[in-house]
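K.L.:
let me see the structure of the following:
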Amino acid sequence: MRRSLSILSALVLGIAASSTALLAASPVADDPATDKQAAPVLVIGLDLSKSNPMVTNDDYARRVADRVAPMVEGLPLRARVMVRSFGSYDATSNTLRIDQVLSARSKPEDFARGLRTLITGVPKLVRDGKLVAQNKTNILPFLQTMSQVVDCEAGPVTYVLLTDGVEDSEYARLKNARATLPAPEHERFQGCADLQILGLGQGLNSPKTTERLRTTWTGWAETAGFANFDGLYDW
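P.N.:
Residues are numbered from 1 along each chain as shown. This next block holds a predicted model:
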């Protein structure tokens, strides 16, 4: 079994509980056909806050996994996939960290298979104490942190957040009907290709709240510099 799959499987089985799961990037031989353009980057953020149904609902986690896996399968070789968990603003609580450069040895379909297993297994990992469900939802701090390590001006970057989209942090508490998101304080998202939130409004059972969240995040993404925003309640 390839290294990417073995480490993901180890995490799902609980062998790597409360430790950092890091997939080393695999070098790829230079290809004149791809050297002319930078390889894409896919950042996947897993919201482990208790408000996110993906943390507790096995069927929903499976549907999320089925949505995300084809995104990885469709990536070209040399693309970079970064998987991170978020919730509380506490690095010791968010130990899920996976980096992989797709290559002939770490093929997109193989990594996608392991990622599907991981996302599907999130509720069980939480129940077993291998991942910790958290009391806050620091979406903006997560995005700000990742913007410092991913350069949208260097090549196409897509952020996919597996979250209900309800920011609950020092910046905003979007459960409140009048709450808004602060405008971005920097330009590090300028040139980013896409921001997607999968599960927007899930668990709140309110179409009006979902639409309010979509409007809020759409405005923030446009101001931040993303070329496109998609906020999906379901699919």
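K.L.:
what segments of this structure are strands?
P.N.:
41-47, 80-86, 97-101, 157-162, 194-198, 229-232 (DSSP state E).
K.L.:
in this protein, which spans are helices?
P.N.:
Applying DSSP state H to the chain gives helices spanning 3-13, 32-35, 58-73, 108-120, 122-127, 139-147, 207-224.
K.L.:
now tabulate these in TSV and tack on mean pLDDT.
P.N.:
TSV is the format used below for the helices of the chain (pLDDT from 0 to 100):
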stretch	mean pLDDT
helix 3-13	44
helix 32-35	44
helix 58-73	98
helix 108-120	98
helix 122-127	97
helix 139-147	97
helix 207-224	97
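K.L.:
would you reformat the ones you listed as JSON lines and include distance to D230 and mean neighbour count?
P.N.:
(Each C-beta comes from the backbone N, C-alpha and C, glycine too.) Shown next, in JSON lines, are those (distance: least, CB to CB, whole Å; neighbours: other CB atoms under 10 Å):
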{"stretch": "helix 3-13", "distance to D230": "26", "mean neighbour count": "19"}
{"stretch": "helix 32-35", "distance to D230": "27", "mean neighbour count": "9"}
{"stretch": "helix 58-73", "distance to D230": "11", "mean neighbour count": "18"}
{"stretch": "helix 108-120", "distance to D230": "18", "mean neighbour count": "21"}
{"stretch": "helix 122-127", "distance to D230": "21", "mean neighbour count": "20"}
{"stretch": "helix 139-147", "distance to D230": "15", "mean neighbour count": "20"}
{"stretch": "helix 207-224", "distance to D230": "9", "mean neighbour count": "17"}
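K.L.:
so T158 is in contact with I44, correct?
P.N.:
No. Counting by CB atoms under 8 Å, T158 stays clear of I44, with 9.1 Å between them.
K.L.:
for L131, give me phi and psi.
P.N.:
Per-residue torsions, L131: phi -120, psi 150 (degrees, to the nearest 10).
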